[in-house]
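Visitor: 3D, please:
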Amino acid sequence: MDLKDIKAIIDLMKKNSISEFELERQDFKIRLKRGSAASGPAVNYDEAPVQTFIPGGTASASGTLTTPPAATGASELEIKAPMIGTFYRAPSPEAANYIEVGSEVNPDTVVCIIEAMKVMNEIKAEVKGIISQILVENAKPVEFGQPMFKIRAM
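Guide: Residues are numbered from 1 along each chain as shown. Coordinates of the predicted model:
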């Protein structure tokens, strides 16, 4: 890999708001990281969940990739984005949304899809409650850890 290729990767990172990039080959390894230590929490990749991509299949992020909701109030929880991607409220443009404000959800309820690298990842609620707020617009990008929904716990 030459300097021209590295500059192209950096340009892609800037254009797509990617904060970290890592590539490893037999005799070559490169890791690029944008921003400063003050820009956000560090992620320990040895402890981070791993998603398996199956060629030609659809990977689901519902199990290991969805982060547990974080408490925001006495009984209100957040469902946070487990990855960077594009947020979709429905399985297709002509289909009904998975959930609306006021919808009751349980841990296995699919609440949205996040598209990452052309793979549609179903995101489940992982808690029981009632959706009190939808924090992201349909077809908009989300960042890792970004709150997407608020839920009143039951």
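
Visitor: How many neighbouring residues does Glu137 have?
Guide: Around Glu137 there are 9 other residues, counting by other Cβ atoms under 10 Å. C-beta coordinates here come from the backbone N, C-alpha and C atoms, glycine included.

Visitor: Can you give me the distance of it to Asn121?
Guide: 18 Å (Cβ to Cβ, to the nearest Å).

Visitor: what's the answer for Glu94, then?
Guide: Distance of Glu94 to Asn121, given as Cβ to Cβ: 20 Å.

Visitor: who's more crowded, these two?
Guide: Neighbours were tallied for Glu94 and for Asn121 using other Cβ under 10 Å; the higher tally belongs to Asn121 (21 against 6).

Visitor: Pull out the CA atoms of the helix or strand hosting the more buried one and give them to me as PDB.
Guide: In this structure, Asn121 sits in strand 119-124 according to DSSP states H and E. The C-alpha coordinates for strand 119-124 follow below in PDB (Å, rounded to 0.1, in the frame of the first residue of the first chain):
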ATOM      1  CA  VAL A 119     -26.100  -5.500   5.200                       C
ATOM      2  CA  MET A 120     -29.500  -5.000   6.900                       C
ATOM      3  CA  ASN A 121     -29.100  -5.600  10.700                       C
ATOM      4  CA  GLU A 122     -32.300  -6.000  12.700                       C
ATOM      5  CA  ILE A 123     -32.100  -4.300  16.100                       C
ATOM      6  CA  LYS A 124     -34.200  -5.600  18.900                       C
END
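
Visitor: and it, which strands flank it?
Guide: As defined by DSSP bridges, the strand partners of strand 119-124 come to strand 110-116 (antiparallel).

Visitor: roughly how far out does stretch 90-110 sit from the chain middle?
Guide: Computed by Cα atoms, centre = their mean, to the nearest Å, the separation of stretch 90-110 from the middle of its chain amounts to 17 Å.

Visitor: wait, stretch 18-35
Guide: Computed by Cα atoms, centre = their mean, the chain-centroid distance of stretch 18-35 equals 20 Å.
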